[in-house]
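Q: Predicted model and sequence below, questions to follow.
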Amino acid sequence: MRTWADGGNEYDRNQWTMGLELRGSTLLYISLLATATFTPRWRRVAFFGMACYFYFIADLVVGFVFFMGGLLADLFLVLGNTSAPPSAALGRTCSVKNLCLKVAPSLLAIIALFVGSQPANAPDRASWSKHLNWLGKQIFPEQCTSHYEIS
């Protein structure tokens, strides 16, 4: 029971994320149910608004991440819809869309690996992590701190 409530599990410590994942999944599922009748455009607007809300209340571990993931998934579904025949006027737009669909996942993966490589402790020991630390202080709200200290 402690695994779901407070992330504590003395036998399998890597399950500390289970409670956070349950909370984020529940928030996202309820939001999907609430926006099921919305058009795709307004669902994206609602998800972006919710992601902004969680960003400004400094809930970056759960709310912001899950809603940005939902927004990216919705964008991929809309951009990946190739059932409509391309018209001559949209030919140039379709090629840009295809290029984005091919390049964006790889680019996002490279950026995620770089940002995810930020050490939890002592980021001032390497120049690249000093820059990431400075960038994080510029981007994220001041009240954002790490809730989990790695020892």
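A: It's in.

Q: Not counting sequence-adjacent ones, nearest residue to the residue most central in space within the chain?
A: Taking Cα atoms, centre = their mean, the centroid of the chain lies closest to residue 65, which sits 3.4 Å from it. Excluding the flanking residues, the one nearest residue 65 by Cβ to Cβ, 6 or more residues apart in numbering is residue 24, at 6.8 Å. Backbone N, C-alpha and C define where each C-beta goes, glycine included.

Q: Give me the helix or strand of this protein that scores worst on average pLDDT.
A: Least confident helix or strand of the chain, by mean pLDDT, DSSP states H and E, is helix 2-5 with a mean of 59.

Q: ok, back up a step: what separates the helix or strand harbouring the residue nearest to the centre of the chain from the chain centre, distance-wise?
A: Using DSSP states H and E, residue 65 sits within helix 63-79. Offset of helix 63-79 from its chain centre (Cα atoms, centre = their mean, to the nearest Å): 7 Å.

Q: Quick one: list the elements packing against the next helix or strand after it.
A: Going down the chain from helix 63-79, the next helix or strand is helix 91-116, by DSSP H and E. Applying 3 or more Cβ pairs under 8 Å, 6 or more residues apart in numbering; DSSP states H and E, we find helix 91-116 packed against helix 63-79.

Q: Counting by contacts, list what the helix it packs on packs against.
A: Looks like helix 63-79 contacts helix 18-34, helix 40-56, helix 91-116 (3+ Cβ pairs under 8 Å, 6+ apart).
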